[in-house]
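A.B. asks: Mind looking at a prediction? Sequence and model below.
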Amino acid sequence: MVTNLHNFIDGTLKIGLNLDGRPTTGLTIREFVVRTSHAVVIDEIDQFQSNVVDKCATQIVLHTRRPWESAPQQFDTDAKHLPLRVESSLVTSVSHVRLMAESLLLAICHGALHLTVSDDDVTRRRSGGGQNTGWRLANARDRELDF
């Protein structure tokens, strides 16, 4: 079977099949290929990985200086609509997430956490001694995070 990348990721079979002795409908191309083939060869794996990660990845804002835009702050607002016993069971978890997110952001902003290759001998040997001193923004063509 030969298919293109987008059909493999998003496509579905338009017909029903008996697969493993059971009738199936709406089977994805991905599942069909993996379940019926002994080996799957993917050309241009870097493009495949990029498309799959972009499709499956999500982000959540854990801390921001803007009022009521981070997830823990929204949890606080939404929790007010829950019964008191349910709200009280969430307080510890949400507080812990908020503390960890704020601590991470403050540590990055103050330069307490850094990503330099020199910290690890194995990584330094693999990279050829290159330096990566800054934090990068996701999906921003490796643009550095400015403070």
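C.D. replies: Nice, thanks for sending it over. Residues are numbered from 1 along each chain as shown.
A.B. asks: contacting residues for His81?
C.D. replies: Listed by Cβ atoms under 8 Å, 6 or more residues apart in numbering, His81 has no contact partners. (C-beta placed from N, C-alpha, C; glycine too.)
A.B. asks: which SS class is it?
C.D. replies: Reducing the assignment at His81 to three states with DSSP: H, G, I helix; E, B strand; the rest coil gives coil.
A.B. asks: what comes up buried for the lengthiest helix in the chain?
C.D. replies: Identified as the longest helix of the chain according to DSSP state H is helix 84-109. Counting neighbours by 16 or more other Cβ atoms under 10 Å, one finds that the buried residues in helix 84-109 are Glu87, Val94, Val97, Arg98, Ala101.
A.B. asks: ok, of these, which one's closest to Lys14?
C.D. replies: Within the buried residues of helix 84-109, distances to Lys14 taken as Cβ to Cβ reach their minimum at Val97, with 43.4 Å.
A.B. asks: Surely that closest one is in contact with Pro72?
C.D. replies: Yes. Here Val97 lies in contact with Pro72, judged by Cβ atoms under 8 Å, at a distance of 5.4 Å.
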